[in-house]
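# Next input, structure requested:
(chains A and B)
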Amino acid sequence: AQSVTQPDIHITVSEGASLELRCNYSYGATPYLFWYVQSPGQGLQLLLKYFSGDTLVQGIKGFEAEFKRSQSSFNLRKPSVHWSDAAEYFCAVGDYPGAGSYQLTFGKGTKLSVIP
Amino acid sequence: GAVVSQHPSRVICKSGTSVKIECRSLDFQATTMFWYRQFPKQSLMLMATSNEGSKATYEQGVEKDKFLINHASLTLSTLTVTSAHPEDSSFYICSAGKQGWDQPQHFGDGTRLSIL
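So this is what the prediction gives:
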């Protein structure tokens, strides 16, 4: 079965600093990978996704992620963090059971705190 | 972008009460709807997957008689927590998706359920 590991539970960065959130996955075939962001008490918003093609994926809010098959990783990056980026970030891998839409398996999340 | 409305956002009720949560896709027809449960400071755990017009598929360990899911139309799915008890208190999130890998899931804002 597929799984997702986010090694960092909590990361704190200063506003304006660069950010990298780590994600490692386990999946038997070509993975479909996603990053979501969750603000407190709210649902999830899709930041970006990787299905195929260019391994560097651009998303919303200035985020990007790079798929590295050799390392089974899909790390999320942002060159300059804003205070509004403080939230919980989830990496997910998609699995297609053969009917309807795909299913997502989430990592445990990384909480990002931003120091003004 | 696509909008998924989840209602109510917060419920507080007595033990033994049944609680219904609605999930509506407002501007697209959802082939599949998902229900997740999120414990504090933890990831989203998939509870069940429902395709319109079909019975929901429950994940292992989720009691289908406890968590009743109805997906009567392509825009509405409901989760009913029957005879709720304090251990059912949690954050419940729905998502809606269309068939195909290029169709991202869209999440509702979640429902905070508190059982006294």
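# From here on, just use CA atoms for contacts and neighbour counts.
Fine.
# residue ranges of the strands in chain B, please?
With DSSP state E, the ranges of strands along chain B come out as B:4-7, B:10-13, B:19-25, B:32-38, B:44-51, B:57-58, B:67-73, B:76-81, B:90-97, B:106-107, B:111-115.
# Provide a list of residues in contact with the closest residue to chain A within chain B.
For chain B, the nearest residue to chain A under the criterion C-alpha to the nearest C-alpha is B:Asp109, separated by 3.8 Å. Taking C-alpha atoms under 8 Å, 6 or more residues apart in numbering or on different chains as the contact definition, B:Asp109 lies against A:41-44, B:4-6, B:9, B:93.
# In terms of position in space, what residue lies nearest the middle of the chain?
In the absence of a named chain, chain A is used. Computing the C-alpha centroid of chain A and ranking residues by C-alpha atoms, centre = their mean puts A:Trp35 first, at 3.0 Å.
# looking at chain B here, not the other one
Centroid-nearest residue in chain B, with C-alpha atoms, centre = their mean: B:Trp35, separated by 3.4 Å.
# so how far is B:Ser54 from the closest residue to that one other than its chain neighbours?
Distance criterion C-alpha to C-alpha, 6 or more residues apart in numbering or on different chains; nearest residue to B:Trp35, sequence neighbours excluded, is B:Cys94 at 4.5 Å. Separation of B:Cys94 from B:Ser54 (C-alpha to C-alpha, to the nearest Å): 17 Å.
# For the residue of chain A found nearest chain B, grab the count of nearby residues.
Per C-alpha to the nearest C-alpha, A:Gly43 is where chain A lies closest to chain B, at 3.8 Å. The tally of other residues near A:Gly43 (other C-alpha atoms under 10 Å in any protein chain shown) stands at 22.
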